[in-house]
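Undergrad: 3D model of this:
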Amino acid sequence: MKNQRIPGSPFRCFAYNAKEIRVGHVPSGVVGKPVEFQIDGSTAGSGNLEILVNGGHVTSYVRELGDQCFLASFVPHQATVHTIDMKFNGETVTGSPWEVEVREASPTMTSTAAIASAAAATSASGRPNVRGEGVRHFAAGKIAAFDIDLNGKAAQEEVTVSITSPSKRQLSSRLLDVHDAAGSKVCRVEFNPSEVGSYIIDVTIAGEKIQGSPFVAKAYDSSLIRVSDVTNGSVGQPCQFRVDASQAGEGQLEISINDGEVPNHVQVLGGGKCLVSFTPEIPKIHTIEIKFNGETVPGCPFVCKIADTSRVSVSLRNMELIPAGEVAQFEITVDGTSNSELAVAVKGPTANLPVKISGGARNTFTAEFTPREVGSHTISVDYNGLPVTGTPFTCKVYDAKKVYVSSMPAGVLGKSLQFTVDASQAGEGNLEITISARGRNIPTKVHPQGSARFTVSFVPLEAIDHVITITFNKEAVPGSPYTAQIFTDPNHVVVSGQSLASSAVGKTSYFKLSNVTGSVEDIEINVEGLTANQLLYLLVSTYS
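TA: Numbering: from 1, shown residues only. The predicted model follows:
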């Protein structure tokens, strides 16, 4: 908008089509017997599939078949029409709702809870059969049970039950004489499963296997569900958390946010793990409820605080590079007058720095801190416990005082002169070197030696002092500007004049010294006569 990116942009969305959900044939049912049907979501995209039987009063189960195909089932408890409502990402699936006619079982199949389908078929002949959730699905760590209807064909003493755990251990069981809902006498088997996985249940009567035996039952443990990465969030920004059910066994995972008011998206990661995401639209606490096979997962409800961080802006201009030992400051603006919690922190390379916050006029605050160390510093600004857009922000601290320059040697006209500069301890920045003589810049060569160390060289063009100016991030380094004294090479001094050949007695004689650097005081001349007496002389400086 007006060349400014809207907070949160670019946004990522998942495309789906609820009309692509294909539901197979939903058969009629029998009380206590599972009703199963297949669901194909392979072409519907990613999303959350919700199945409610009788408004959620009858528990449904979903087992993954692979390639986004599933086997859904439920066990009816009453002989009445059951209604199946199905939604995908909150949209009604084509064909929903389905009505399933459920009838009573035959007299020899009077139901309790769930019936193992293979064993249920035997009741019509009046032979002994088993029924109950204990031969299908049960929770580990709790007493599981199933009933054996002997139909008057055998006594309890003739019943033998063998239960093998997932680790191949034999479990002990207890047989009880009880009466079912219809008043018939049955043999109840109770056992205590402790492992998650498949149990093999073998039932024999008078040495003969009951039809359908051995039965395969699945044990689950909702306490082994692990929920992680539940963090606070911002309005309009996706929030994510992870659910790991890899150790919990088979079952149905139900996830509800704010009692179902907030849609959530479940991405299956494989291996019983999934990534759940939702996008809050209101700045308030969001509660996450998770159930596994109808049991609440430990730790629920999980709480996610949502704030509107778009109301806070931080001005971090000119904070990319800051000097050590000097006060650095930036502004924070909060749009609104409601009570809120604003937290500012600065972390240096080795320790947290104290931060002073002042102001508040027109909801604008100034944060100040003084960095002491060279290196990266992290600035964090949290609003109601959530990071403000643009933070954490990393700024670089430098120290021009830690640029070290070697001693400046004297030089000779026309010959290369060099010195070294070590900025390895000064942090990040821009090193500038300028060499001049009589106000004119001299060509300079800088040779990197690695690790922010350099060799600098130049060739003096005049036999006068050269001024060397060195700055780091526009700040003069210690000792700058430096002076390099440049002298003439003695081998290039020219002595000329007639008096060097002959001079008249009693008259002043003179000769010239050219290409001489320094002052008159730096020149020593000896003039001796025939008698070795030293003669007087006068030096006069002239400039061409």
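Undergrad: Which residue lies nearest the spatial centre of this protein?
TA: When the chain is reduced to its mean C-alpha position, the nearest residue by C-alpha atoms, centre = their mean turns out to be residue 229, at 9.6 Å.
Undergrad: What about that residue? Give its phi and psi, please.
TA: Residue 229 adopts backbone torsions of phi 60, psi 30, taken as degrees, to the nearest 10.
Undergrad: per-residue pLDDT, it?
TA: For residue 229, the pLDDT comes out at 92.
Undergrad: That one and residue 277, how far apart?
TA: Residue 229 sits at a distance of 11 Å from residue 277 (criterion: C-beta to C-beta, to the nearest Å). (Glycine included, C-beta is placed from N, CA and C.)
Undergrad: and if you look at residue 202?
TA: Remark: distance between residue 202 and residue 277 (C-beta to C-beta) = 45 Å.
Undergrad: returning to what we had before: go ahead and confirm the residue nearest to the centre of the chain touches residue 240.
TA: Yes. At 6.7 Å, residue 229 and residue 240 qualify as touching, with contact defined as C-beta atoms under 8 Å.
Undergrad: hey, where'd the helices end up in the stretch 1-150 of the chain?
TA: 117-120 (DSSP state H, counting those that start in this stretch).
Undergrad: mind showing which ranges of it have poor pLDDT?
TA: Counting by pLDDT under 70, the low-confidence segments of the stretch 1-150 of the chain come to 1-9, 11-12, 56-57, 59, 106-126.
Undergrad: can we see that at 80?
TA: Under the criterion of pLDDT under 80, the regions of the stretch 1-150 of the chain flagged as low confidence span 1-14, 47-48, 55-66, 105-129, 150.
Undergrad: For residue 453, give me its contacts.
TA: Shown in contact with residue 453 (C-beta atoms under 8 Å, 6 or more residues apart in numbering): 420-424.
Undergrad: at 7 Å what do you get?
TA: 420, 422, 424 (C-beta atoms under 7 Å, 6 or more residues apart in numbering).
Undergrad: Could you export these as TSV, including secondary structure and pLDDT?
TA: Rendered in TSV, the data for the contacts of residue 453 read as follows (DSSP: H, G, I helix; E, B strand; the rest coil; pLDDT from 0 to 100):
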residue	secondary structure	pLDDT
420	strand	96
422	strand	97
424	coil	96
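Undergrad: among the residues you listed, who's most crowded?
TA: With neighbours defined as other C-beta atoms under 10 Å, the most crowded of those is residue 422; it has 16 neighbours.
Undergrad: Now do the residue lying closest to that residue once chain neighbours are set aside: how many residues are near it, please.
TA: Distances taken as C-beta to C-beta, 6 or more residues apart in numbering place residue 404 nearest to residue 422, at 4.4 Å, with adjacent residues excluded. As a burial measure, the neighbour count of residue 404 was computed by other C-beta under 10 Å and equals 16.
Undergrad: quick one: residue 404 and residue 419 touch, right?
TA: No. Contact between residue 404 and residue 419 fails when scored by C-beta atoms under 7 Å: they sit 11.0 Å apart.
Undergrad: What residues does residue 308 make contact with?
TA: With C-beta under 7 Å, 6+ apart as the criterion, the residues that contact residue 308 are 234-235, 283.
Undergrad: Of these, which is the most crowded?
TA: If you count neighbours using other C-beta under 10 Å, the busiest of the contacts of residue 308 is residue 234, which has 24 neighbours.
Undergrad: Find the nearest non-adjacent residue to that residue, please.
TA: Residue nearest to residue 234 in three dimensions, not counting chain neighbours: residue 309, with 4.5 Å by C-beta to C-beta, 6+ apart.
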